[in-house]
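In: Just a sequence and a predicted model for now, questions to come.
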Amino acid sequence: MLSPVAWEWPRSTPGCVGADTGSVGSGVVQSYPAPAKLTVSLRVTGRRDDGYHLIDAEMVTLDLADELRFSEGDGLEVVAAGSGLSVPVDDDNLVRRALAAVGRTAHVRLTKRIPAGAGLGGGSADAAAVFRWAAVDDLALAASVGADVPFCVRGGRARVRGIGERVDTLPHVPRTFTLLVPPLGCSTPAVYRAWDDLGGPTSDGPNDLEPAALRVEPRLAEWRDRLGDATGEVPVLAGSGSSWFVDGAHPGAGRIVARTVPAPD
């Protein structure tokens, strides 16, 4: 499993690599980090007539990040997929959807360090990096790409409501988490359908989706227990899964120790 790497939010200095210029000139390569998000708590508060579920969640940005390198051209290249799960390069990839949303073209080399399918917002983080590169700060537009994209655009720590489009910034709190990512994915739509089928349960813990996720993928319980036995803590499911997390640093085989980072200036 890949560990977090050092990175910084790009500075808004026109003409510099990583600047929010929104374009790529001839021969220029711009690099942007795409940090993971962790859903620290999640309550499902209802369901809209169109089928989308409403949430009230606390999300934080972690120092585990993908990297997007933008250059002249058109295309998407994905390298070093951290979890071994497949990462699409067609129009299902949120990078492509984000580029279409902001009306830009570029060749994007995406280095994956956030495990795919783990509930850590890797795809949403990548899409948010496109928005920052294009200097677009439209949360409604970001929400049209994916429910977690608005938070990833803002970053830091926030209360997230609605279907993800309402992002209220909260003060940064330095925290450390230990993550365990199973070698399996968990479909978010399937988890929400299971939540409906179960009658909309409220979890005893901070994540209402845990019972539904365990219904969809019972093997998650084995990985929860592994992390709990190794750390002596009670693991919490990250979003709709599949990763589990506990507070504090508990390094060990197959675990990721990650820290919260504040929003960009």
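Out: Everything's here; your move. The structure displayed is predicted, hence computed values, not measured ones.

In: ok, now which ones touch residue 38?
Out: Neighbouring residues of residue 38 by Cβ atoms under 8 Å, 6 or more residues apart in numbering: 59-60, 62, 120, 177, 179, 238, 245, 258, 260. Glycine gets a C-beta too; all of them are placed from N, C-alpha and C.

In: Which strand or helix spans it?
Out: Assigned by DSSP states H and E, residue 38 belongs to strand 30-47.

In: Check which element follows that strand along the chain.
Out: For strand 30-47, the succeeding helix or strand toward the C-terminus, using DSSP H and E, is strand 53-71.

In: just checking, what packs against that next one?
Out: With contacts taken as 3 or more Cβ pairs under 8 Å, 6 or more residues apart in numbering; DSSP states H and E, strand 53-71 sits against strand 30-47, strand 107-111, helix 122-133, strand 157-162, strand 255-261.

In: Would you format the ones you listed as TSV with mean pLDDT and distance to residue 199 included?
Out: TSV is the format used below for the helices and strands packed on strand 53-71 (pLDDT from 0 to 100; distance: least, Cβ to Cβ, whole Å):
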stretch	mean pLDDT	distance to residue 199
strand 30-47	96	12
strand 107-111	95	39
helix 122-133	96	28
strand 157-162	98	22
strand 255-261	97	34
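
In: Mean neighbour count, the ones you listed: which tops it?
Out: Mean neighbour counts were compared across the helices and strands packed on strand 53-71 using mean count of other Cβ atoms under 10 Å; the top stretch is helix 122-133, at a mean of 28.

In: For the residue positioned nearest the centre of the chain, which residues are in contact?
Out: In the chain, the C-alpha nearest the mean C-alpha coordinate belongs to residue 121, at 1.5 Å (Cα atoms, centre = their mean). When contacts are counted by Cβ under 8 Å, 6+ apart, residue 121 touches 36-37, 114, 148, 151-152, 239.

In: Under the pLDDT cut-off, which ranges of this protein? List them.
Out: For the chain, applying pLDDT under 70 flags the ranges 1-6, 11-27, 81-86.

In: at 80 instead, please
Out: Counting by pLDDT under 80, the chain has low-confidence residues at 1-27, 80-91, 265.

In: Let me see the ranges of the strands in the stretch 151-265 of the chain.
Out: When assigned using DSSP state E, counting those that start in this stretch, the strands of the stretch 151-265 of the chain occupy the ranges 157-162, 166-169, 176-180, 236-237, 244-247, 255-261.

In: Give me the contact list for the third one.
Out: The reference is to strand 176-180. Contacts of strand 176-180 from elsewhere in the structure, counted by Cβ under 8 Å, 6+ apart, are 38, 62, 118, 120, 223, 226-227, 231, 235, 238, 243-251, 254-260.

In: Would you mind checking those residues for buried ones?
Out: Buried members of these, scored by 16 or more other Cβ atoms under 10 Å, are 38, 62, 118, 120, 223, 226-227, 231, 235, 238, 243-246, 250, 255-258, 260.

In: Residue 140 reaches residue 165, doesn't it?
Out: Yes. Contact criterion Cβ atoms under 8 Å: residue 140 and residue 165 qualify, at 6.0 Å.

In: which of those two has more neighbours?
Out: The neighbour comparison of residue 140 against residue 165 (other Cβ atoms under 10 Å) goes to residue 165, with 17 against 8.

In: Apart from its chain neighbours, what residue comes closest to residue 143?
Out: Nearest residue to residue 143 in three dimensions, chain neighbours excluded: residue 165, at 3.9 Å (Cβ to Cβ, 6 or more residues apart in numbering).

In: got the phi/psi numbers for that neighbour?
Out: Backbone torsions of residue 165, given as degrees, to the nearest 10, read phi -90, psi -10.

In: can you check the one 5 residues further on too?
Out: Main-chain torsions, residue 170, degrees, to the nearest 10: phi -120, psi 160.

In: and it, what does it touch?
Out: 58, 156-159.

In: hmm, try it at 7 Å
Out: The contact partners of residue 170, taken as Cβ atoms under 7 Å, 6 or more residues apart in numbering, are 157-159.

In: distance of the nearest residue to it once chain neighbours are set aside from residue 142?
Out: Once flanking residues are discounted, residue 170 sits nearest to residue 157: 4.6 Å by Cβ to Cβ, 6+ apart. Residue 157 sits 18 Å away from residue 142, going by Cβ to Cβ, to the nearest Å.
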